[in-house]
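Chemist: I'd like to go over a predicted model; first the sequence, then the structure.
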Amino acid sequence: MSPIIEFRDVSKVFESPSGPIRAVDGVDLTIEAGEIFGVIGYSGAGKSTLVRLINGLERVTSGQLVVDGDDVATLTERQLELKRREIGMIFQQFNLFSSRTVAGNVAFPLKVAGWPKADRDRRIAELLDFVGLLDRAHSYPDQLSGGQKQRVGIARALAASPKILLADESTSALDPQTTQDVLRLLRKVNTELGVTIVVITHELEVVRAIADRVAVLEGGRVAEQGTVFDIFTRPRAEVTQRFVSTVVHDRPRGANLERLKQTHDGRIVTATIADGSRLGTVLASAGALGVTFEIVYGGIGTLQDQSFGSLTLALDGPDEAVETVVGRLREVTTVEEAS
Ligand SMILES: Nc1ncnc2c1ncn2[C@@H]1O[C@H](COP(=O)(O)OP(=O)(O)OP(=O)(O)O)[C@@H](O)[C@H]1O
């Protein structure tokens with residue numbers, strides 16, 4: 001793999017009446033050609049600014065940003081405009097022309113790029129076939145569902161065969177089922193066309209469903225980055241832990257946790273399960289120390305083709321022995337105390 005987008009200590013500062021705003025603040029990120037890279041953050045974290053830097057809609061204030069071999073800071077406006085054509089983009093609100101048909105929307109970037117009509121028509125048919133909307137070529141956006149509109153958005157973004165596709169909250173306006181359909185299509189764009197995709201989102205479910213790696217943005221800075229599996233199984237930054245807790249429902253909280261505390265003696269801990277965490281070996285050794293355990297809550301599924309989940313245990317026995325067992329668990333996985 002080779003890098004296709006590289007942020008090297010990139011900052012973007014906006015001047016405002018109340019002083020400078022560091023929307024992007026010293027970001028280092030490398031996105032490899034051919035991967036699906038997620039950027040997640042809460043509102044105001046700097047996600048939109050980050051994508052606008054990639055396609056040159058905003059200029060970097062400092063640092064270096066290399067996109068497909070070009071340092072975008074050194075490009076002229078004209079060069080940037082040409083560069084932008086090599087980068088597709090899809091949006092939360094689809095941004096389709098309501099007065100143009102589906103085919104007309106997809107034709108637009110091809111017209112701008114000066115394609116002759118016959119080539120354009122062939123390309124439009126190919127793209128609509130790819131996104132599964134060949135039979136809707138003459139419909140208008142108003143006649144389509146949200147998911148279909150986003151498919152048109154994807155076809156339009158791919159029209160000029162970009163190497164990079166930026167997806168800015170591209171499923172945020174869609175229901176969960178349609179979201180999954182659109183994410184599957186994006187996966188197909190990645191695997192069949194080899195397009196590098198940068199997915200900007202505030203939903204960890206989106207990252208979980210589609211991304212290979214992810215960066216967590218907070219206050220314009222990268223709080224944490226890694227494979228999706230690592231981020232889920234070992235979230236280090238507080239902001240990442242907050243995101244993970246919104247999608248991982250396999251640990252007891254609130255009333256459930258209170259009930260467990262009242263109905264079980266001993267210490268209640270939650271251990272993360274991932275491939276190779278050897279939890280069973282540790283628990284098998286508990287009895288010899290005079291510690292009994294009960295599994296009181298949990299769930300295990302898969303993430304990026306690996307086991308992932310957690311088990312909550314009530315450990316009972318002499319304090320010191322329980323402490324030893326918890327210590328051994330900590331050696332093999334992440335352990336959270338019930339509190
Ligand atoms: N053109 C601008 N002028 C001044 N401040 C801006 C400008 N664009 C963004 N900002 C500020 O930069 C910060 C980051 O904004 P940005 O839109 O990149 O965040 P975001 O993570 O995309 O949030 P959201 O999901 O709400 O769009 C915010 O404080 C925002 O107010």
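Modeler: Received it, and whenever you're ready, just let me know what you need.
Chemist: all strands of the chain, in order?
Modeler: When secondary structure is read from DSSP state E, the chain shows strands at 3-14, 21-32, 36-40, 62-67, 70-71, 87-91, 164-168, 196-201, 213-218, 221-227, 267-274, 292-303, 306-316, 335-337.
Chemist: Report the buried residues of the last one.
Modeler: Read it as strand 335-337. The neighbour-count check on strand 335-337 (16 or more other CB atoms under 10 Å) flags residue 335 as buried. C-betas here are computed from N, CA, C, even on glycine.
Chemist: Show me how far it is from its chain's centre.
Modeler: Put simply, strand 335-337 sits 26 Å off its chain's centre (CA atoms, centre = their mean, to the nearest Å).
Chemist: buried set for stretch 258-266?
Modeler: Taking 16+ other CB under 10 Å as the basis for neighbour counts, the residues of stretch 258-266 that come out buried are 260, 264, 266.
Chemist: and the strands of the chain as a markdown table, adding mean pLDDT and distance to the ligand?
Modeler: A markdown table is the format used below for those (pLDDT from 0 to 100; distance: least, CB to the nearest ligand atom, whole Å):
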| stretch | mean pLDDT | distance to the ligand |
| --- | --- | --- |
| strand 3-14 | 97 | 3 |
| strand 21-32 | 96 | 3 |
| strand 36-40 | 96 | 9 |
| strand 62-67 | 96 | 15 |
| strand 70-71 | 94 | 21 |
| strand 87-91 | 94 | 11 |
| strand 164-168 | 96 | 8 |
| strand 196-201 | 96 | 7 |
| strand 213-218 | 96 | 7 |
| strand 221-227 | 96 | 11 |
| strand 267-274 | 89 | 28 |
| strand 292-303 | 88 | 25 |
| strand 306-316 | 89 | 27 |
| strand 335-337 | 89 | 28 |
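Chemist: okay if I get those strands as a markdown table plus distance to residue 143?
Modeler: Converted to a markdown table, the strands of the chain look like this (distance: least, CB to CB, whole Å):
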| stretch | distance to residue 143 |
| --- | --- |
| strand 3-14 | 36 |
| strand 21-32 | 36 |
| strand 36-40 | 31 |
| strand 62-67 | 36 |
| strand 70-71 | 40 |
| strand 87-91 | 20 |
| strand 164-168 | 24 |
| strand 196-201 | 28 |
| strand 213-218 | 36 |
| strand 221-227 | 41 |
| strand 267-274 | 46 |
| strand 292-303 | 38 |
| strand 306-316 | 41 |
| strand 335-337 | 50 |
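Chemist: measure residue 42 to the ligand for me?
Modeler: Noted for residue 42: a distance of 7 Å to the ligand, by CB to the nearest ligand atom, to the nearest Å.
Chemist: Specify the beta-bridge partners of residue 13.
Modeler: For residue 13, the beta-bridge assignment (DSSP bridges) gives partners residue 22.
Chemist: Help me confirm that it comes into contact with residue 19.
Modeler: No - under the criterion of CB atoms under 8 Å, residue 13 makes no contact with residue 19, lying 10.0 Å away.
Chemist: more crowded one of the two?
Modeler: When residue 13 and residue 19 are compared on other CB atoms under 10 Å, the one with more neighbours turns out to be residue 13, at 15 against 7.
Chemist: list the contacts for the more buried one?
Modeler: Residues in contact with residue 13 (CB atoms under 8 Å, 6 or more residues apart in numbering) are 20-23, 61.
Chemist: Excluding chain neighbours, what is closest to residue 312?
Modeler: Nearest non-adjacent residue to residue 312, counting by CB to CB, 6 or more residues apart in numbering: residue 297, 3.8 Å away.
Chemist: what residues does the top helix by length along the chain touch?
Modeler: Scanning the chain for the longest helix, with DSSP state H as the assignment, gives helix 176-193. Helix 176-193 is contacted from outside by 34-36, 130-132, 145-147, 150-151, 154, 158, 161, 165, 167, 170-171, 174, 195-197, 199, 205-206, 209-210, using CB under 8 Å, 6+ apart.
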